[in-house]
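Participant: for reference, the sequence and a predicted model appear below.
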Amino acid sequence: MAEREDDLHEIAQTFAGQATTFLRATTQIASGGAPAAAIPLLLLATSEILAAGARLGAIVDVVPSERFEPDSGPDTDLDPLRTGLARALDGLDDYVEIIDPILGPDAGPATLSADIADIASALTQGLAHFDAGHELEALWWWQFSFLSLWGERAAGAARVLHVILAHLRLDVEDDVAAEAEYDALQQHL
C-alpha cells in the first residue's frame, strides 16, 4: 500500500508541475505577449497537457479516502483568460466539432478560447486541492475531470490548432511555392 501511495505522490507532484506550466503558457499567450507564436505555443501547451492527462487516464482509478470534495476556496475567475485567448485567436477561435463521434455525426459550435479556459478551470481546481495539501483529492479531480471534460476539450483543441498551423504553414500561393522549390533546387546544384 505504501508503494502505491508513493507512486500516487510522484504522479501528483509531476502533474501539478505540468498543470502549472500549461496555465503559465496560456496566460502569457492570452496577454498578447507573442501574437505571432500564439498558435504553435497553444498547440504545444495543449498537446503536452493532453499527454499528461492521458497518463492519468491510463492509471487505475484514484479514489480519495473521503467521499466528498473538500472546499478548495472560491473559483478562479477565468473570464480574463477566455477573453484574452479569444482576442489572440481573433478570426480563428470558432470551429465546428463532432459532439460524440461514437454516438453519431452530430456537429456543434465550439471555440478554442472556451476549450482552453475549461481545461484551465479543471487544472486550477485540482491545483487548489494540491496546494492545500490534499494531493490524493487533487489527483482524483484531475483524473475524473480529464475523463469527463477537459481531456475531450484538449483533444479537440489540439486537433483544431494543428489544422490551423498546417494551413498557416502550408497554404501558400502557387508562385511562392514554385519560387521556394526553385531556390531549394538551386542550393543543391
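Facilitator: Right, received. Where do you want to start?

Participant: pLDDT wise, what is the residue most central in space within the chain at?
Facilitator: The centre of the chain sits closest to Thr46, judged by CA atoms, centre = their mean, with a distance of 3.2 Å. Note on Thr46: pLDDT of 98.

Participant: under the pLDDT cut-off, which ranges of this protein? List them.
Facilitator: Counting by pLDDT under 70, the chain contains low-confidence ranges at 1-4, 67-73, 174, 176-178, 180-181, 184, 188-189.

Participant: mind running it again at 80?
Facilitator: Scanning the chain for pLDDT under 80 picks out 1-6, 64-76, 172-189.

Participant: what about the strands in it?
Facilitator: In the chain, strands defined by DSSP state E lie at 94-98, 107-111, listed in chain order.

Participant: note down every partner strand of the first one and its orientation.
Facilitator: Here strand 94-98 is paired, per DSSP bridges, with strand 107-111 (antiparallel).

Participant: how about the strand it pairs with: buried residues?
Facilitator: If you call a residue buried by 16 or more other CB atoms under 10 Å, then strand 107-111 has these buried ones: Ala110, Thr111. No exception for glycine: its C-beta is placed from N, CA and C like everyone else's.

Participant: just give me the longest helix of this protein.
Facilitator: Criterion DSSP state H: the longest helix present in the chain is helix 2-30.

Participant: elements contacting that one?
Facilitator: Other elements packing on helix 2-30 under the criterion 3 or more CB pairs under 8 Å, 6 or more residues apart in numbering; DSSP states H and E are helix 38-58, helix 79-88, helix 112-131, helix 135-145.
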